[in-house]
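Trainee: One predicted model, sequence on top.
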Amino acid sequence: MAELSYDVAVVGAGHAGVEAALACARLGLRTIMFCLSADHIAMMPCNPNIGGSSKGHLVRELDALGGEMGKNIDKTFLQSRMLNRSKGPAVHSLRAQADKQEYMKEMRRTVENQENLTIRQAEITELLLKESEGEREIFGVRDAAGTDFFARAVVLCTGVYLNSRCIYGEVSEDTGPNGLRNAGHLSGFLRRAGVRMLRFKTGTPARIDGRTIDFSKMEIQKGDHPVIPFSFSTDPDTVQKEQIDCYLTYTNEKTHDIIRKNIERSPMYNGEIEGTGPRYCPSIEDKVMRFPEKERHQIFIEPEGLYTNEMYLSGMSSSLPEDVQIDMYRSMEGLERAEIVRNAYAIEYDCIDSQQLKSSLEFQTIRGLFSGGQFNGSSGYEEAAVQGFMAGVNAAMRCLGKKAVVLDRSEAYIGVLIDDLVTKENREPYRMMTSRAEYRLLLRQDNADLRLREIGYRIGLVSAEELRKTREKKLAIERETERMEKSFVGGGEETNRILRKLGTAEIKSGVSLAELCRRPELSYESLRALDPDRPELSAEVREEVEIEIRYKGYIARQLQQVSHFKTMEEKRIPEDIDYAEVGNLRLEARQKLSLIRPDNVGMASRISGVSPADISVLLVHLEKRRRKG
């Protein structure tokens, strides 16, 4: 039936699904997005925020490429803060508290009104596969009612819904997050199709009735003024609004004692839960058992939205029984009368071994089938969104007969994330962290537009006007940086009086403004009194100028490292290579390379189990092959 034929089918409507579907539809492809519940598009079942350490980088990169998450949170946030301000600019990360219902409503409004995009509430149970030129190729999906939907490309963004079950104490329910239905059939089909599946676990804290919390006993956490928007397209004036407070309390020895006495009732400790949980986002029982020397742990009390009294206990995910949960909450300052609205729970679900994917997020063995989000074994809304976007873009590129878009580790945190997923053995849900990015001084959240707008424009998801503004910003930064390097101040009495007032050493002869700016106690802003010719520039440009000047040497060093990295990335590995023919390659390396099939030598060098000696052998083989052919 013609009405059931599409260019791209997206399975799932969480943060990955909506970005995939919007990308495809905006590139002019007829797209259908399937969801288990049309009322829960872009739902936030866990933490009520977007961004945070390293995750803020992902959201700003997504926005620079033409994604939606940054724009949506700018419209629906309750509080915004820039984290890690006391540290260097490489780790500054924007984080916004979301109004969960408004976030969902606004995203649903966006997808429902997107041209070329159809929303369908249905459970997909099978993929439609065919043999083509000796390879399997996808040509659509089938729903639980037996209806076939034909598509030239399919993107799987099923999140944590496949065979999922929610567990706390002795209670185990076959549901998705927040008590929604799960998807019970697609996992079995994928296994029969030869897809390697994993069983992972994540968790979420309880929600407490805000009327039963004594906030006066807690530390208040206020938002930033002025607010910095996530999206480079958002007018900063539109996000300056009254913000909602968050609060901070702590666990104590009594809390820890309650947990220790009841640890055998935790499904994670008594064997009831089989899935592997995220190491970098542990449950409260994990924190207490793994770090017995710690006297307390931070617990942030965060609002779920303006529409509700529910408060989220960030940092306190758990699968302990309900009676234990209420005891441990009431042991903390300000929560002595706490009443639970929703229990904390762990959720166990099926996902894939992401080493089966290419760097484009297309399956190696099934042409036209792409995968994004937590289904790839990652965690977090932000990690999901960027994968969904890249999977959607590359599904679209396949339909349009264009080359896949792949970001490398020197271009974006998104490149680091995807490269880690497809090259490394992830035995737990993958979480993005700034420490994973080798070139993090170059990959800052503040310069994501300067790095990626051009790529977004080439894809077709960034407008000519947005690109023009970015180019003007880049030119303004370059001009002002050069002016600061070439502008000198002499060692006169007035100059030294100003320097003394600024708490820095006097100068005897001419010094450039850039050289003064590099002094730890000075800044671009503080030098205004010595710089009468300074042009009027936006806050964004001023920030970039200061970073470029202050970190000039470090930036130059990382650019040299990137140049070496690019050399290895440019050494392509032919798709038809037979690693059994590569002499002197260790067995483990041969097996790993055959399994992952890296695109280039750089990617091969990052595979666990492949040593520098193996790379040397591979380089010799590739050179011999090049000479022959």
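Mentor: That came through fine.
Trainee: Next, the closest residue to residue 529 other than its chain neighbours: phi, psi?
Mentor: With Cβ to Cβ, 6 or more residues apart in numbering as the criterion, residue 529 has its nearest non-adjacent residue at 5.2 Å, and that residue is residue 498. C-beta here means a position set from N, CA and C on the backbone, and glycine is covered the same way. Backbone geometry at residue 498, expressed as degrees, to the nearest 10, gives phi -70, psi -40.
Trainee: just residue 506 next, same as before
Mentor: According to degrees, to the nearest 10, residue 506 has phi -70, psi 170.
Trainee: Run a quick neighbour tally on it.
Mentor: 12 (other Cβ atoms under 10 Å).
Trainee: That one touches residue 500, doesn't it?
Mentor: Yes - if you go by Cβ atoms under 8 Å, residue 506 and residue 500 touch, sitting 6.6 Å apart.
Trainee: Pull the distance from the longest helix belonging to the chain to the chain's centre.
Mentor: Assignment by DSSP state H gives helix 464-486 as the longest helix of the chain. Chain-centre distance of helix 464-486: 28 Å, with Cα atoms, centre = their mean, to the nearest Å.
Trainee: Pull the residues that contact whatever helix or strand comes next after that helix.
Mentor: Next in sequence after helix 464-486, counting helices and strands by DSSP states H and E, comes strand 488-489. Strand 488-489 is touched from outside by 495, 507, 510, 511, 512, 513, 516, 530, with contacts defined as Cβ atoms under 8 Å, 6 or more residues apart in numbering.
Trainee: hmm, which of these are the buried ones?
Mentor: 495, 507, 511, 512, 513, 516, 530 (16 or more other Cβ atoms under 10 Å).
Trainee: Which elements pack onto the host helix or strand of residue 348?
Mentor: In this assignment (DSSP H and E), residue 348 forms part of strand 345-352. Here strand 345-352 touches strand 165-168, strand 197-204, going by 3 or more Cβ pairs under 8 Å, 6 or more residues apart in numbering; DSSP states H and E.
Trainee: tell me which residues of the following helix or strand past the longest one are tucked away?
Mentor: What that stands for is strand 197-204. The first helix or strand that comes after strand 197-204 along the chain, using DSSP H and E, is strand 207-209. For strand 207-209, a neighbour-count test (16+ other Cβ under 10 Å) marks 207, 208 as buried.
Trainee: same question, stretch 102-110
Mentor: 102, 103, 104, 106, 107, 108, 110.
Trainee: so after the helix or strand hosting the last one, what's the next helix or strand?
Mentor: Residue 110 belongs to helix 100-112 when assigned by DSSP H and E. The helix or strand immediately downstream of helix 100-112 is strand 117-121, counting by DSSP H and E.
Trainee: At the geometric centre of the chain, which residue do we find?
Mentor: In the chain, the residue lying closest to the centroid (Cα atoms, centre = their mean) is residue 383, at 2.7 Å.
Trainee: Wait, residue 194 touches residue 369, no?
Mentor: No - between residue 194 and residue 369 there is no contact under Cβ under 8 Å: 12.0 Å.
Trainee: The two: which is more packed in?
Mentor: Remark: of residue 194 and residue 369, residue 369 carries more neighbours, 25 against 10, as counted by other Cβ under 10 Å.
Trainee: Quick check on the more buried one: phi, psi?
Mentor: Torsion angles at residue 369 (phi, psi; degrees, to the nearest 10) stand at phi -100, psi 120.
Trainee: which residue sits closest to residue 477, ignoring its sequence neighbours?
Mentor: Closest residue to residue 477 apart from its sequence neighbours, by Cβ to Cβ, 6+ apart: residue 544 at 4.6 Å.
Trainee: what's around that neighbour, how many residues?
Mentor: Using other Cβ under 10 Å: residue 544 sits among 25 other residues.
Trainee: now this structure, which segments are flagged as low pLDDT?
Mentor: In the predicted model of the chain, residues 1-3, 275-281 satisfy pLDDT under 70.
Trainee: Could you list the domains of it?
Mentor: As recorded under automatic domain parsing, the domains making up the chain are 2-74+101-203+349-459, 207-347, 464-554, 571-628.
Trainee: for the nearest residue to residue 412 once chain neighbours are set aside, what are its contacts?
Mentor: In this structure, residue 412 finds its nearest non-sequential neighbour in residue 61, 5.0 Å apart by Cβ to Cβ, 6+ apart. Taking Cβ under 8 Å, 6+ apart, we find residue 61 in contact with 386, 412, 413, 414, 448, 451, 452.
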